[in-house]
Each structure stands twice: as C-alpha cells, then as structure tokens.
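Participant: here is a sequence together with a model predicted from it:
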Amino acid sequence: MRKNKQRIYFLLLSGFAFFNSACAQNPPLTGKAYVKEQQLVEQATVLLNNEKQLIPLQNVDNNKIASIHFSSVYSTSFDSLLNKYAKVDAFNGTDYLTVKTLEMLAQDTKFYNTLIIQLTDAEAGNPGIISFINDNQKMKNVLVSLLGTNTALAKLNDVVSPIVWSSKNSQIGAFYSAQAIFGGVAITQKLTKTYSPKYAVNTGFLTSKTRLQYTVPEDAGVNADNLKAIDAIAQEAISSRATPGCVVLVAKDGKVIFNKAYGYHTYDNSIPDKITDIFDIASMTKISATTMEAMQLYDQGKLNLDSTLGTYWPITRNTNKKTLTVREILEHQAGLIPDISTFEVIKPADHSTDSSAAFPVKVNERYYVRKGYFNEVMLPAALRSAVKTRGQYVYSDVGMIFMQQIEEAITAIPLNKYVQEKFYNPLGMQTAGFLPLYRFPADRIPPTEDDRKDRKTLIDGYVHDPTAALMGGVAGHAGVFAGANDVAILYQMMLNRGTYGGVQYVKPATVDMWTSKQSAISRRGLGFDRWDPIADRHYPSKLASDQAYGHTGFTGTCVWVDPKYGLVYIFLSNRVHPNVSNKLGSLNIRPRIQDAVYEAIQKGM
C-alpha cells in the first residue's frame with residue numbers, strides 16, 4: 001500500500017491524476033474518462049457552513065495548516081494537492097485513536113492556525129472526533145472534508161465548521177475537494193435533498209475558482225498524447241548534454257495540465273530531477289522580482305516611469321546617469337553597459353575564505369567579500385561607466401541593479417524581503433526567493449557551474465551570476481531561485497491580470513501596459529521580454545502569438561505567458577553545469593518544446 005501511495009503522489013505531481021488502483025480496485029482513469037468522472041464529482045460536491053467565507057482559504061502566508069486523516073485511503077492524494085497551494089503538515093489521526101488520544105492530537109496541533117480534517121463514513125459517527133472538531137473550532141479555523149454518504153452528512157448536523165461534502169468517495173473526489181478548499185476549482189452545487197434539519201434542500205455556498213487547478217490535459221481541451229513530443233525533445237537535450245536535467249510545466253486556462261521532470265541534477269545520474277526541485281532562474285529575476293515590485297510601486301503612485309534616476313537616488317545626481325528615466329531603464333534603452341567587471345578585477349584583500357565582521361558577504365562556501373565592497377567598488381564602477389547608446393536597445397543587467405536601488409530607496413526594504421513579503425508568501429509560493437540555502441537543503445537545488453577559475457567550487461545553492469554573487473546573492477537582475485509550480489503561480493497571477501487567490505497584487509491596466517510593446521526601438525515591454533515581430537527569429541516560439549511575454553534565464557530557464565491561448569509555459573534547467581555551454585540554445589530546446597505545446601493546443605482533442 002505504501003508503495004502504491006508513493007506512486008500516486010509521483011504521478012499526481014507529474015501533472016496527471018490517477019485512481020489508486022490498489023485501494024479502489026479500479027484501473028487508473030485518464031483523459032476523457034478522468035474529465036467525465038471529475039464532472040460527476042463536481043455535481044456531487046457541496047459546501048456547507050461557510051457563512052464566514054473561510055473557503056476558499058485566503059491568507060496562506062502566516063497560516064500554519066495541518067491536515068488530519070483517519071481511515072481515508074485517499075489521504076496521500078488529498079494532502080499532495082493541498083501542498084500545491086500552501087505548506088500543509090499531515091497527521092495520522094488513527095494513531096490518536098489507538099495509541100494516543102485526541103487530547104494529545106489537540107496538543108500536537110496547538111501551533112497550527114488551521115486544521116483540515118478528512119472524514120469518511122467511519123469517522124462521521126465517532127463522537128470523540130466530532131467533539132475534537134467542535135472544541136478546536138472555538139480557537140482556530142477548522143475545515144472538514146467529508147467523502148461519504150448522506151447518512152454520514154446527517155451525523156455532522158451539530159458541526160458548525162465549513163464542510164466540503166462529496167458523495168463520491170474516490171480519488172478524484174479527494175483531488176477535487178482538496179482543490180476546492182483553496183479555490184483551485186469552484187463549488188457549483190447546493191443540496192438537492194434534505195438530510196437533516198440544518199442540511200436542507202437548496203442549502204449550500206457557491207465559490208469561484210481563484211487559484212490554479214491540477215488536472216489532465218483533456219480538461220483544457222488538449223489530448224495528452226499530443227504532448228508526448230515534449231518527452232522526446234527533453235530527452236534529446238539530456239542525451240546531447242545540453243543540460244543534465246530539466247522540468248517542464250504547462251498551464252492552460254488556469255489549469256496545470258503538464259508538469260514533468262527529466263534527467264538528473266548532474267551527469268553522474270546520482271540525484272534524479274524532481275518537479276519540486278528549486279532552480280537558479282537567473283535573469284527571470286528581472287521580471288519575477290524587480291519588475292513585480294516596480295509595478296506595485298507604480299500602482300501606489302510611488303514610482304513614476306518618466307522620473308529620473310536623480311529623482312529617486314541622490315548618489316547619481318553628480319553622474320551621467322542622473323537624467324536617465326525609469327522607463328528607459330526598464331526598456332533597456334538607457335544607454336547603459338550590459339554588465340560590470342567582477343571576479344577578474346577583485347583584489348585578494350577584498351575577499352577571504354572565512355567569514356568575519358570585516359568579511360560578512362557570503363559569495364559561496366569559503367568565499368566572503370569584505371564589508372562595503374558593493375558600495376565602494378562595484379557601485380562606483382557602474383556609476384562611472386559610459387552612457388553611449390541612449391535611445392537604442394542594449395540589454396543591461398546594470399539597469400536592473402539600478403532599479404533595485406531605486407526600489408529600495410523608495411521602500412526602505414531590501415528587494416529580497418519586499419518580494420517575499422508582498423508577493424511570494426501571500427501567493428503561496430513555497431520555494432521562490434533569494435538565498436535558498438537559508439531555507440532548503442542543497443540536494444533540492446540542481447547545481448550550476450563547476451567554477452574552477454574564480455570561486456574554485458561547484459556552485460550549488462548560490463547564485464550563478466557573478467555580479468549577483470559578489471552582491472551577496474540579492475540583485476535586481478539575478479538571484480531568485482524557484483520551483484516550477486511557484487513560477488506557475490506567479491505568472492498565472494499575471495495572466496489573471498494581477499489577481500490570484502482573490503487578492504489583487506497589480507492593477508489590470510498596469511499588467512496590460514507593462515507587458516505590451518513600449519517602443520519602436522525594440523520588441524520589449526517594461527521589464528518584460530516579448531514576442532519578436534521579426535518572423536525568422538521564431539522568438540520565443542514560431543507559434544507564439546503577438547501577445548506573448550516573459551523572459552529567459554542564462555542558467556537555461558524561461559517563462560512565457562500567452563494571453564491569446566491562456567497559456568503559461570515554464571522550462572527550468574541547469575544547462576551551465578558543469579560548464580557553460582550553448583547547446584540548449586543551438587538545439588532550440590526551449591522554443592521547440594513551446595512549439596510542441598502550441599501544436600497540441602491547436603490539435604485539441
């Protein structure tokens with residue numbers, strides 16, 4: 001049984017849901033059969049006792065959530081879906097009925113704000129469990145998922161906590177109920193009969209879909225077989241040593257329909273890639289952190305696109321940068337150089353193998369930069385640099401470093417803390433952020449370059465970009481690490497025109513403007529890269545629409561949003577391991593996979 005549950009968890013995380021055949025004694029449902037069963041589950045799912053509108057759950061940050069199951073054979077599947085939206089810890093309630101006590105369960109869950117309790121027919125009639133629910137709902141949020149008969153529902157007449165009831169006690173019923181709790185699917189039905197004095201006919205609460213759903217391709221009008229071309233292209237990338245591994249995610253119409261990992265962290269094949277792996281997304285940081293904050297500050301009236309560097313950043317007022325506008329910087333038309341010199345100019349006195357008060361900035365293991373190095377060396381070099389091509393398009397990391405300084409001056413909050421608190425945490429993004437080793441073990445992070453020249457180590461969990469590295473891992477142009485699901489959440493919010501989980505992060509008009517073409521000089525938006533109108537470039541894909549926007553990353557990553565198709569496409573890899581290579585680019589791996597997605601969409605069912 002345990003092996004089967006682990007298999008179900010893996011298959012679900014791969015983007016496809018199956019029945020647990022060992023428990024249900026049924027073959028896995030896929031494709032149209034899955035969609036049909038899910039439709040039946042939707043018709044059989046009702047939300048009760050939701051007067052306080054606790055469901056769909058909001059405020060997933062600062063909300064410690066526990067999921068408690070008893071006899072449900074679908075608890076692993078249920079919990080795996082919950083963890084797509086927030087970190088949820090699982091408790092086996094059966095242990096507290098046999099070995100321990102429910103009072104001890106209350107003790108063990110006292111530091112949780114929200115309890116999600118899974119019930120079946122067997123538990124609905126247990127007075128101890130009902131008492132546990134009623135006692136805890138006085139102090140914290142308690143949500144009940146009941147997969148059981150109408151007889152079981154009637155036994156919950158005295159429960160006042162929200163109840164998601166599905167009479168379909170199946171794995172798909174568990175999938176649907178878990179997603180309904182977070183708004184991944186909508187609850188559309190009310191009771192059609194009277195089951196108790198409280199649960200009378202036409203009783204129930206309706207909800208809207210507010211977050212990503214996890215389902216099969218056919219649920220979004222795509223034949224799963226038509227996505228198999230992705231497998232061949234990904235395997236070609238690995239066999240050609242363009243990258244040791246990769247993760248691909250496709251979301252259409254707010255539904256994750258494909259999420260699969262390929263290959264390994266390194267070419268020694270010791271750690272398989274997983275869809276939960278955390279990648280250095282490199283220049284995707286520009287839009288996933290710096291531009292996100294800029295849009296929010298713009299909405300708040302704190303950032304004016306036509307104001308100058310000198311307006312926000314006094315240190316530039318005696319330099320040739322003072323008249324450069326925010327708009328020019330975001331469009332990469334400010335005339336700034338692409339980057340500044342890094343390890344090739346650092347002096348021995350500027351770094352140490354040990355940390356200390358004098359050398360506090362950690363670049364990676366056994367490499368620390370002296371205090372003040374950025375302000376005293378790197379920043380002056382950037383400010384002294386020439387402005388030669390103002391009004392022309394020149395892609396520049398320096399410009400996004402300058403945007404970081406502007407934002408930090410406006411908010412008095414470091415970039416990494418701002419985006420974590422204002423975007424990543426409230427969105428339910430569990431892996432995204434700067435400086436990942438403070439939160440995750442290195443074996444969850446595929447390594448990038450084996451840098452024998454400068455850092456003299458394998459870079460694993462530290463930012464690959466050298467400028468960002470010498471800045472301590474937090475920079476406006478690079479430094480964010482994230483898993484594919486988190487990237488999907490962030491850009492589904494963008495596809496939703498600034499809203500996710502019932503919360504508006506950016507105004508719709510701002511999303512529309514910043515992601516649209518801004519200049520006759522280049523294809524780019526404000527911060528965002530876009531579809532290239534020069535047809536023979538096929539950028540980002542030969543089939544992408546002229547509405548597509550996103551960004552690539554030097555480490556072998558990309559995200560592209562195409563509003564015309566309701567599409568979010570994500571490719572994450574560590575193609576710079578063990579050494580920088582352009583094979584991923586020369587083989588057109590990222591655009592070819594994106595082409596395969598469009599082709600599958602166009603073929604439909």
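Facilitator: Looks like it arrived, so ask away. Numbers count the residues shown, from 1 in each chain.
Participant: so residue 263 sits against residue 241, correct?
Facilitator: No. Residue 263 lies out of contact with residue 241 (CB atoms under 8 Å); the separation is 10.3 Å. To be clear about C-beta, it is placed using only N, CA and C from the backbone, and glycine gets the same treatment.
Participant: neighbour count for these two, which is higher?
Facilitator: Legend: neighbour count by other CB atoms under 10 Å for residue 263 and residue 241, higher for residue 263 (22 against 13).
Participant: what helix or strand is the more buried one located in?
Facilitator: strand 255-263 (DSSP states H and E).
Participant: can you give me the buried ones in that strand?
Facilitator: 255-263 (16 or more other CB atoms under 10 Å).
Participant: in its sheet, what does that strand sit against?
Facilitator: strand 213-214 (parallel), strand 245-252 (antiparallel) (DSSP bridges).
Participant: using PDB, list the CA coordinates for the last one.
Facilitator: Right, strand 245-252. The C-alpha coordinates for strand 245-252 follow below in PDB (Å, rounded to 0.1, in the frame of the first residue of the first chain):
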ATOM      1  CA  GLY A 245      18.000  17.600 -16.500                       C
ATOM      2  CA  CYS A 246      15.000  19.900 -16.700                       C
ATOM      3  CA  VAL A 247      11.500  20.500 -15.500                       C
ATOM      4  CA  VAL A 248       8.600  21.400 -17.900                       C
ATOM      5  CA  LEU A 249       5.300  22.900 -16.700                       C
ATOM      6  CA  VAL A 250       2.300  23.800 -18.900                       C
ATOM      7  CA  ALA A 251      -0.800  25.600 -17.600                       C
ATOM      8  CA  LYS A 252      -3.700  26.400 -19.800                       C
END
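Participant: quick one: mean pLDDT over that strand.
Facilitator: The pLDDT scores in strand 245-252 average 98.
Participant: ranges for the helices of the stretch 1-150 of the chain?
Facilitator: 2-13, 21-24, 31-43, 75-82, 93-98, 102-108, 121-124, 127-136, 150-154 (DSSP state H, counting those that start in this stretch).
Participant: still on that earlier bit, between the strands paired with strand 255-263, which one is nearest to residue 565?
Facilitator: Proximity to residue 565 (CB to CB) singles out strand 245-252 among the strands paired with strand 255-263, at 7.0 Å.
Participant: neighbours of the closest residue in space to residue 512 that isn't next to it in sequence, how many?
Facilitator: Among residues not flanking residue 512 along the chain, residue 497 sits closest, at 6.8 Å (CB to CB, 6 or more residues apart in numbering). Neighbour count of residue 497, defined by other CB under 10 Å: 16.
Participant: and for residue 578?
Facilitator: That count, for residue 578 with other CB under 10 Å as the rule, works out to 18.
Participant: go on, residue 103?
Facilitator: Applying other CB under 10 Å, I find that residue 103 has 12 neighbouring residues.
Participant: show me the contacts for it.
Facilitator: By CB atoms under 8 Å, 6 or more residues apart in numbering, the contact list for residue 103 is empty.
Participant: roughly how far apart are it and residue 159?
Facilitator: Using CB to CB, to the nearest Å, we find residue 103 at a distance of 19 Å from residue 159.
Participant: repeat for residue 284
Facilitator: Relative to residue 159, and taking CB to CB, residue 284 is found at 45 Å.
Participant: my guess is residue 254 meets residue 489, correct?
Facilitator: No. Residue 254 lies out of contact with residue 489 (CB under 8 Å); the separation is 11.0 Å.
Participant: show me the shaky parts of the protein.
Facilitator: 1-28 (pLDDT under 70).
Participant: now the farthest one out in it, which residue is it?
Facilitator: Distance from the centre of the chain peaks at residue 197, with 43.3 Å (CA atoms, centre = their mean).
Participant: nearest residue to that residue other than its sequence neighbours?
Facilitator: residue 157 is the one closest to residue 197 (CB to CB, 6+ apart), at 6.5 Å.
Participant: tell me the secondary structure at that neighbour.
Facilitator: coil (DSSP: H, G, I helix; E, B strand; the rest coil).
Participant: how about residues contacting the one helix or strand residue 552 maps to?
Facilitator: Secondary structure assignment for residue 552, by DSSP H and E: strand 549-553. Residues from elsewhere that reach strand 549-553 (CB under 8 Å, 6+ apart): 280-288, 478, 491, 515, 525, 528-531, 540, 558-561, 569, 590.
Participant: can you name the next helix or strand after it?
Facilitator: Immediately after strand 549-553, counting by DSSP H and E, sits strand 557-562.
Participant: between the helices of the stretch 1-150 of the chain, which one is nearest to residue 168?
Facilitator: Of the helices of the stretch 1-150 of the chain, nearest to residue 168 by CB to CB is helix 31-43, at 4.7 Å.
Participant: run the chain-centre distance for the closest one.
Facilitator: In terms of CA atoms, centre = their mean, to the nearest Å, the centre of helix 31-43 is found 27 Å from the chain centre.
Participant: output it as PDB - backbone C-alpha positions only.
Facilitator: Taking C-alpha atoms only, helix 31-43 is exported to PDB below (Å, rounded to 0.1, in the frame of the first residue of the first chain):
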ATOM      1  CA  GLY A  31      -8.100  11.600 -20.500                       C
ATOM      2  CA  LYS A  32     -11.700  11.900 -21.200                       C
ATOM      3  CA  ALA A  33     -12.700   9.300 -18.700                       C
ATOM      4  CA  TYR A  34     -11.000  11.400 -16.000                       C
ATOM      5  CA  VAL A  35     -12.800  14.500 -17.100                       C
ATOM      6  CA  LYS A  36     -16.100  12.800 -17.100                       C
ATOM      7  CA  GLU A  37     -15.600  11.400 -13.600                       C
ATOM      8  CA  GLN A  38     -14.400  14.900 -12.400                       C
ATOM      9  CA  GLN A  39     -17.600  16.400 -13.800                       C
ATOM     10  CA  LEU A  40     -19.600  13.800 -11.800                       C
ATOM     11  CA  VAL A  41     -17.600  14.700  -8.700                       C
ATOM     12  CA  GLU A  42     -18.300  18.400  -9.300                       C
ATOM     13  CA  GLN A  43     -22.000  17.700  -9.400                       C
END
